[in-house]
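Peer 1: can't give you the sequence, but here's the structure:
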């Protein structure tokens, strides 16, 4: 089975993308989970909510972080539970712009979906920037551990 990746959107995008990057002081404004079969799973404001989609990878627009530790079954389960839910604009604003935990159980935003699918608690607290940082740290620690084991 192939790897799962966290894809972080860094292209200019829309005004909304630029505002997210400005607010989070990050190059990233959106995230997706890329499954081994080529589906990209996320919640998208453009697409109306939680969906699967095939996106042509352009490395000028996306950074990819491999997730060898990700549980494909959990991701598929979370996707099946939430597929078709609307995009959570209010939750995005409430959890990212002000320190409130606004969580609409009928809607999700991109980083909330990805964090939940990866098994992270309080998924609504994650922005694409924070999720990218956490996943990058896990990736670094995991790779360091593998290197240390191989060279012990």
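Peer 2: Perfect, thanks for sending it. Keep in mind that this is a model prediction, so the values were computed, not measured.

Peer 1: these two touch, right, residue 134 and residue 121?
Peer 2: No: in terms of Cβ atoms under 8 Å, residue 134 does not count as a neighbour of residue 121; the distance is 11.7 Å. C-betas here are computed from N, CA, C, even on glycine.

Peer 1: of those two, who's got more company?
Peer 2: More crowded of residue 134 and residue 121, by other Cβ atoms under 10 Å: residue 134, with 15 against 7.

Peer 1: who touches the more buried one in this structure?
Peer 2: Counting by Cβ atoms under 8 Å, 6 or more residues apart in numbering, residue 134 makes contact with 120, 126.

Peer 1: Which helix or strand contains it?
Peer 2: Secondary structure from DSSP states H and E places residue 134 in helix 128-150.

Peer 1: How about residue 55?
Peer 2: Element membership for residue 55 (DSSP H and E) is empty, with no helix or strand holding it.

Peer 1: ditto for residue 51
Peer 2: Assigned by DSSP H and E, residue 51 belongs to strand 49-53.

Peer 1: Packing partners of that strand?
Peer 2: With contacts defined as 3 or more Cβ pairs under 8 Å, 6 or more residues apart in numbering; DSSP states H and E, the packing partners of strand 49-53 are strand 40-44, helix 72-82, strand 107-108.

Peer 1: And the next helix or strand past the second one?
Peer 2: In this case it means helix 72-82. Note on helix 72-82: by DSSP H and E, the next helix or strand toward the C-terminus is strand 86-87.

Peer 1: which other residues reach that next one?
Peer 2: Residues from elsewhere that reach strand 86-87 (Cβ under 8 Å, 6+ apart): 43, 44, 45, 47, 48, 49, 106, 107, 108, 109.

Peer 1: Just the buried residues of these.
Peer 2: For those, burial is judged from neighbour counts taken by 16 or more other Cβ atoms under 10 Å, and it is met by 43, 44, 45, 49, 107, 108, 109.

Peer 1: what about the protein, any weak spots by pLDDT?
Peer 2: Applying pLDDT under 70 to the chain picks out residues 1, 94-102, 144-152.
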